[in-house]
Every structure is written in structure tokens, then in C-alpha cells.
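J.: here you go, sequence then predicted model.
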Amino acid sequence: MRSNKHLVILGGGYGGTTLIHSLKGIKGLDITLINQTPFHIVQTEIHRFLGGSSSEDEIYFNLEKFSKKHGVEFIYDKAIYIDEEESYIKCKSEKIVPFDYLVIATGSVSLFPHQIQNINEYSKDIKISEHLRNFQKEFEELLSSKDTNKNIAIVGGGLTGTEIALEYASRLERLGICNSTCNVSLIEQQPTLLPGASAELIAQSQKACDNANIKRYHGAFVTKIEDKKIYLSDDTSIPFSMLILTIGVVSEQLHFKNQVAKSTRNQFIVNQNLQVGEHEHIFAIGDVAYLEDEDGHMVLPTAQNAKQQAKTLAKSIGNLLKDGKIKAYKYKHKGTLVDLSQNLATGDAFGIQFHGKHAYSLKRTVNAMHTRIFK
Ligand SMILES: Cc1cc2nc3c(=O)[nH]c(=O)nc-3n(C[C@H](O)[C@H](O)[C@H](O)COP(=O)(O)OP(=O)(O)OC[C@H]3O[C@@H](n4cnc5c(N)ncnc54)[C@H](O)[C@@H]3O)c2cc1C
């Protein structure tokens, strides 16, 4: 029998690991972390890994070691079912894990819209380590192949797609590979890259892509992928040698005993206290949680948001153990930084515009502040 309360955290990503770190030293709580892989992936560095600017050591961190350091039990398993009435989790291995408090921080996976014909053949998620390694291998093989007219196509010109395209273009330039040998194409159906970002950020990112000779396609959406060609709604067809889809994210299904409210992207709809439905002891944070800000806009799924939610929730859990009040969550947008490759970045942080090497250093500092919790 436990005398302490038992907190179970599903997912050792940005939200889950930040929550554990923020709860360090807390009394009266036993913590179990369940993650479907043995490692945490630093997703904000994936583009650099793909382009060869960072190594596996910089993006994978061992969760067993992290948990041990934080006095947490680690279970390498996939949670598949939540019994909110009896307060237990069922894992893929059939393991049953009871809880007093539950935090769902299972993040999201890449979205592959079924409206695109043949999409299943190309549904390779950069967030999954096996696919990530394969993409890296494919790129290295492409670099050394003697073919000409090669084209690396990236569909989705949000932050992820833009950063990957720039990393690839930069590597080609460093190796002296010209456009007629290998080209990078970025396909975004909206009229600009980074839809929804500030005008300055859009302008700087587009300028960087144009300077890097990345061919941008805007205004038409992908309808079909077939025989190494991407077909767009305006009848354009784009041949490719390698293809990465970064169209958006969706959360995987995680079932409760009774139905709970979810967004169209399978996220759990949470209240200001980050609680799921009517369940006062069940919380969701990060990409898997759907929350609107005061103006009714969805809080975007970012690492920044996942970490802020984790820190607020750590305070709430501390308060709950002392019969105190839960802290309401309010997202504070601290800024956005976009890697432009070649040790340059652009962005806004704390209301100030940053460009070039200063922005790059700031982005690396933000990343180091996250990864220090694993060291
Ligand atoms: C290439 C790229 C660049 C990005 N750049 C930025 C950026 O610059 N700034 C920014 O703020 N955000 C950025 N993001 C977004 C950011 O990475 C995500 O918003 C963030 O990872 C969300 O954190 P999370 O904790 O909700 O989920 P994740 O970090 O995705 O973690 C979820 C964890 O849960 C585990 N899991 C999933 N399902 C289960 C299950 N059923 N059982 C057990 N474990 C499970 C997963 O294995 C994973 O470890 C980027 C994303 C990508 C892909």
C-alpha cells in the first residue's frame, strides 16, 4: 500500500519531462512515467539532425536515466486505455497501472490527410525514430548518388517544413552541389510560408528560402502522389527523388471508459485548470490538450506551450497535495524563433525582433535550457 499519492504521467516529451523536473523534490508523491519509446526526442532539433548539422546524441535522451535521476519509476510501454472510474491505465503489454492523479502528455503525430490519393504509401512520420533515421540515410544516399535533376520535395511550409528545407539547401550549398544536380522544393498551399506568423518572420524566412534557391510553390494543394510525382490542384506536377510531408499534427486515439470531449484532431478538450472533462484528477498538457485563449483562438501546439503548461500543473499538483487550489493556466507567448541554417535564425522574443547570429544563439540557448534537464 502506498502512503503517498501516485501520479502517473503518460508521455515523456516536452510536457511530461518538464513536469517531472518541475516536481523535483516534492513530498508525498510517487511518480510513474510511461512512454512508448525508451527515449525523449528533442523535436525542435529534428531539422538539424535531418540535414546532418546535429547528431543522435543531441536529439535522443534516455528516459530510464532521466527518471532515475528524478526519483521516478519508468515504464517503457504504450498506454492504450484509461479507466477514469476505477483510476487505472492499461498498457499495450496488458500491464495495469493505478493512479491517484493522471497527466496525459502523449503529444501528437504527423498528419497525413486521406484526401491526398496514395497518401498511405508516403505516411512516414519525422517524429518516429525509425522514419527519422531512414530519412537521414535517404538524404545521405541522395547526396552521393550520381543522378542529376534530383529534387527533394517538402510538403508543408510551416515552421517544420521551412526549417527542414533550409537545412537541406544549406548542406547542398556547403557540398558545392548546384541546383541542376539537386534542387529543394517547398510546397505550401497558403500564399506564404509560416501561415499565421508575423509579417516580419514570414518575410525573413521567405527571403532566406529564395536566397538558398529553394523553389516555393504556393496557392495550390496536393491532390495525388504517384510514380515519384506530386500533383497539385492547379494541375502542376512536381517530380521528386525524396519526399517529406510536414502538413500538420493530430493526436493518436487514447480511449477512456466513457466518452470525453475531444477536438477534431483527437486532442482532449481541457478547462483552464488543464483538467479533462469533469475529471478533477485527470489532466492533459501539450499537443494532446485542446485549449482556447481569452480571444477564443486555439493555443497552438508548441514545445513552448507544453513546457508552460507543465510548470503551471506542477504548482497545481503541489497545491493539491496541501489541499490548496489549482492554478489556472494562461499561455504567455514568449516569441518564435526560426532556424534559417548557416548559423542564422530569425524571430521575435520578448517583443523584440532578432535576426542573424543573435537569433541563432538565442534559439540554441532555448534548446539547451530544455536539454539540461537530462544531464
Ligand atoms: C521538426 C519540428 C520542429 C519544431 N520546432 C518547434 C519550435 O521551434 N518551437 C516550439 O515551441 N515547438 C516546436 N515544435 C513543436 C514541438 O516539438 C511540440 O509542440 C512538442 O513536442 C509537444 O510536446 P508534448 O510534450 O505535448 O509532446 P511530445 O514532445 O511529442 O511528447 C509526447 C511523448 O509521448 C509519447 N507517447 C505518445 N503516445 C503514447 C502512449 N499512448 N503511451 C506512452 N507514451 C506515448 C511519445 O513517444 C513522446 O515521447 C517542433 C516540432 C517539430 C516536429
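T.: Thanks, I have the structure now.
J.: okay, now the closest residue to the ligand within the stretch 51-200 of the chain: neighbour count?
T.: Closest to the ligand within the stretch 51-200 of the chain is G107: 2.5 Å, counting by C-beta to the nearest ligand atom. Every residue, glycine included, has its C-beta placed from N, CA and C. When counting by other C-beta atoms under 10 Å, one arrives at 25 neighbours for G107.
J.: element containing it?
T.: Assessed by DSSP states H and E, G107 sits outside every helix and strand.
J.: hmm, it is touching G286, no?
T.: Yes - at 5.7 Å, G107 and G286 qualify as touching, with contact defined as C-beta atoms under 8 Å.
J.: now for these two: what residues contact both?
T.: Common contacts of G107 and G286 (C-beta atoms under 8 Å, 6 or more residues apart in numbering): G11, G13, Y14, G15, A306.
J.: filter the residues you listed down to the buried ones.
T.: Buried members of those, counted by 16 or more other C-beta atoms under 10 Å: G11, G13, Y14, G15, A306.
J.: ok, the third one - contacts?
T.: With contact set as C-beta under 8 Å, 6+ apart, Y14 has these partners: Q43, G107, G286, A303, A306, K307, A310, H370.
J.: how does it look with 7 Å?
T.: Y14 is in contact with G286, A303, A306, K307, counting by C-beta atoms under 7 Å, 6 or more residues apart in numbering.
J.: so for stretch 172-181, what gets flagged as buried?
T.: Buried positions in stretch 172-181, judged by neighbour count with 16+ other C-beta under 10 Å: L172, E173, I177, T181.
J.: which parts of the stretch 1-150 of the chain sit against the ligand?
T.: Proximity of the stretch 1-150 of the chain to the ligand, by C-beta under 6 Å from any ligand atom, involves residues 10-16, 34-37, 40, 43-44, 46-47, 78-79, 105-107, 127.
J.: wait, the stretch 151-300 of the chain
T.: Within reach of the ligand by C-beta under 6 Å from any ligand atom, the stretch 151-300 of the chain has these residues: L159, T160, E252, L254, G286, D287, V288.
J.: show the pLDDT at the residue of the stretch 51-200 of the chain closest to the ligand.
T.: pLDDT recorded at G107 is 98.
J.: and the residue of this structure that's closest to the ligand?
T.: Closest point on the chain to the ligand, by C-beta to the nearest ligand atom, is G13, at 1.7 Å.
J.: and that residue, its phi and psi?
T.: Torsion angles at G13 (phi, psi; degrees, to the nearest 10) stand at phi -90, psi -150.
J.: got the contact list for it?
T.: G13 sits next to H40, A105, G107, G286, A306 when contact means C-beta under 7 Å, 6+ apart.
J.: one more time with 10 Å
T.: Neighbour list for G13: 35, 40-43, 105-108, 127, 285-288, 303, 306, 310 [criterion: C-beta atoms under 10 Å, 6 or more residues apart in numbering].
J.: likewise for Q43?
T.: G13, Y14, F49, I59, G107, S108, I126, K127, L132, T160, D287, A303.
J.: next, format those residues as JSON lines and append distance to K327 and secondary structure.
T.: Supplementary listing: the contacts of Q43 in JSON lines, determined by distance: C-beta to C-beta, whole Å; DSSP: H, G, I helix; E, B strand; the rest coil:
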{"residue": "G13", "distance to K327": "22", "secondary structure": "coil"}
{"residue": "Y14", "distance to K327": "19", "secondary structure": "helix"}
{"residue": "F49", "distance to K327": "35", "secondary structure": "helix"}
{"residue": "I59", "distance to K327": "32", "secondary structure": "helix"}
{"residue": "G107", "distance to K327": "22", "secondary structure": "coil"}
{"residue": "S108", "distance to K327": "25", "secondary structure": "coil"}
{"residue": "I126", "distance to K327": "34", "secondary structure": "coil"}
{"residue": "K127", "distance to K327": "30", "secondary structure": "coil"}
{"residue": "L132", "distance to K327": "36", "secondary structure": "helix"}
{"residue": "T160", "distance to K327": "31", "secondary structure": "helix"}
{"residue": "D287", "distance to K327": "21", "secondary structure": "helix"}
{"residue": "A303", "distance to K327": "21", "secondary structure": "helix"}
